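Asks: here is a sequence together with a model predicted from it:
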Amino acid sequence: MSSTMTFVVDEDEVRRAYAKSWWLFLVAGILWLIFGFMVLSLRPASIAALMILIAIGFWLGALTQFLLAAVTDGGWRVLTIIGGVLAIGAGIAALAWPGPTLTVISVFVAWFLLVRGAFDVGISLSHTHVRGWWMGLIAGIIQIGLGAWAVGNPDRSVLLFVSIVGIWAIFKGATDLMAAFTFKNLDAS
C-alpha cells in the first residue's frame, strides 16, 4: 500500500506570511552586514579571535535558517531547521575545540557554505515566480563556489579565506535587506 502526500500551496497565505515577517529579514540582513564588515576590518591574527568570528558566522547562519523556517512550510521547513541546527552545532564545535588547526575550521566553514548554498539554490529555483529570485540563486552559487574552493585546498591562506567569508556575508546581508523590502511591499499588494 503506497501513499502519497500532496502539498497544496495557498499563494495568498504564503504572501501574507512573508509580508508579516519582513522585519525578520531586515534584522538578519543588518546583522550579516555588520558581521561582514567586522570580519573584513579586524583581520584576526590569532586562532582564538578567528574561531570566535567563525562561531558568530555559524550562529548568524542558523538565525537566517530559522527565520526562513518561520515563513516556509512542508519539506523546505524541515530542511531549513536541520540546516539551522547544524550551523549552531558547528559554531559550538568551533569554540569547544580551540586546539585544532585552522584547516579544520576552514573545512567546517566550507561545508557550511556548500550546504547553505545548495539550500539557497534549491529555494531560489523553486520560487522563480518571485521578483528577485535570481539574487538568492547567485548567492547560493557563490556559497557553493566558496565552499568548494575551501574544501578543495584547505591549505590556502586563512586571511584570504576570512576575507572571502566577509565579502560573502556582505552579499548575504544585502540580499536579505532586499528581500525584506520586497516582502514588506507584498503586504500592500
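Replies: Noted; the coordinates are in hand. Computed from a predicted model, the values in this text were never measured in an experiment.
Asks: in this protein, which ranges drop under the pLDDT threshold?
Replies: 1-10, 43-47, 98-106, 154-161, 187-189 (pLDDT under 70).
Asks: longest helix in this protein, by residue count?
Replies: helix 158-186 (DSSP state H).
Asks: what segments of the chain are helices?
Replies: Using DSSP H, helices in the chain cover 11-20, 22-42, 47-70, 74-96, 102-125, 133-152, 158-186.
Asks: any chance of those in TSV, plus mean neighbour count?
Replies: From N, CA and C alone the C-beta is placed, and that goes for glycine too. Converted to TSV, the helices of the chain look like this (neighbours: other C-beta atoms under 10 Å):
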stretch	mean neighbour count
helix 11-20	14
helix 22-42	18
helix 47-70	20
helix 74-96	17
helix 102-125	19
helix 133-152	18
helix 158-186	19
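Asks: now the residue nearest the centre of the chain: closest residue in space that isn't a chain neighbour?
Replies: Ranked by distance to the mean C-alpha position of the chain (C-alpha atoms, centre = their mean), the top residue is G61 at 4.5 Å. Leaving out its chain neighbours, the residue that sits closest to G61 by C-beta to C-beta, 6 or more residues apart in numbering is A87, at 4.3 Å.
Asks: mind listing what that neighbour touches?
Replies: F58, W59, G61, A62, Q65, F112, R116 (C-beta atoms under 8 Å, 6 or more residues apart in numbering).
Asks: please redo it, this time with the cut-off set to 7 Å
Replies: Contacts for A87 (C-beta atoms under 7 Å, 6 or more residues apart in numbering) come out as F58, W59, G61, A62, Q65, F112.
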